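Engineer: I'd like to go over a predicted model; first the sequence, then the structure.
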Amino acid sequence: MTLTQLYREIRAALQSPVDEATLDRLTAEADRYASTVGWAEGIIDKDGRITAAFDGLREVARASYERVGDSNSATLHDALAALVLAIRSHDQDLDPMSESDEHDD
């Protein structure tokens, strides 16, 4: 599954009535991406659009949890937060102009 496919499937799942099995599968896929993002050879999200899109889904998952009280939505929310953080951290580590490099003098 590509990141684009993951985004589309999560968006569709969050627009539908809660399906625990689907949310579990998508949570596992988001977790898998978060754990492997560090292996990417280059910057993943140069302009911030990918993390913004997944961060938007994270907010939708939070709203779904607050509305329905389904723990699967909360778990998906946490997995999306980890994915966004992993991508941002990875890209910051590779960006020669990142703030972390400015403080290494």
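Structural biologist: Looks like it arrived, so ask away. Numbering: from 1, shown residues only.

Engineer: and the longest helix along the chain, what other elements does it pack with?
Structural biologist: Counting residues, the longest helix found in the chain (DSSP state H) is helix 71-94. For helix 71-94, the elements it packs on are helix 3-14, helix 20-36, helix 49-68, helix 99-102, judged by 3 or more Cβ pairs under 8 Å, 6 or more residues apart in numbering; DSSP states H and E. C-beta here means a position set from N, CA and C on the backbone, and glycine is covered the same way.

Engineer: To residue 79, which of those lies closest?
Structural biologist: Shortest distance between residue 79 and the helices and strands packed on helix 71-94, using Cβ to Cβ, is found for helix 20-36: 4.0 Å.

Engineer: How far away from the center of its chain is that closest one?
Structural biologist: 10 Å (Cα atoms, centre = their mean, to the nearest Å).

Engineer: Just the residues contacting it, thanks.
Structural biologist: Contacts to helix 20-36, defined as Cβ atoms under 8 Å, 6 or more residues apart in numbering, come from residues 1, 3, 6, 9-10, 13, 70, 72-73, 75-76, 79-80, 82-83, 85-86.

Engineer: Type out the PyMOL command that picks the buried ones from these.
Structural biologist: Buried members of these, defined by 16 or more other Cβ atoms under 10 Å, are picked up in PyMOL with:
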select buried, resi 3+6+10+13+70+72+73+75+76+79+80+82+83+86
